[in-house]
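1. Dropping the sequence and predicted coords here.
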Amino acid sequence: MLSWKASARPDAKHAPAFGYCLYRSTGRKNAPLELLNSTPFPGTSCADDLVENGKNYYYVVQAISANGKTSSSSNIAPAPIPAGVTGSKAPEASVPFCRDKSPGN
């Protein structure tokens, strides 16, 4: 499960966060980031169910306002997935998936 702190409260210079965009990479430096959700995610935690055992993943989060302005990117957060894990533990029912909910996903 991934989780992050909510964006700072809005002020005269910053609009309120409408949601969050999550990006993932399998390489830390200069690796291309893959957008996991094209619709801003409303919460501050989700489960990435499209990972593979034995791989290292790196995540970045950006807040996005209702008018489409994005914040600076968060720090890169590593998330190594252990090798040899058998079976997949489904996320708790209250934890949504990070990815878009589209047919085939």
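-> Nice, thanks for sending it over.
2. Remind me what the helix or strand hosting residue 62 packs against, helices and strands.
-> Taking DSSP states H and E as the criterion, residue 62 maps to strand 56-65. Contact partners of strand 56-65 among helices and strands, from 3 or more Cβ pairs under 8 Å, 6 or more residues apart in numbering; DSSP states H and E: strand 17-25, strand 77-80. Using the backbone N, CA and C atoms, a C-beta is placed for each residue, glycine as well.
3. these two touch, right, residue 18 and residue 66?
-> Yes. The pair residue 18 and residue 66 qualifies as a contact (Cβ atoms under 8 Å) at a distance of 4.3 Å.
4. more crowded one of the two?
-> Between residue 18 and residue 66, counted using other Cβ atoms under 10 Å, the more crowded position is residue 18 (15 against 11).
5. what number of residues lie near residue 72?
-> Using other Cβ under 10 Å, the number of residues around residue 72 comes to 6.
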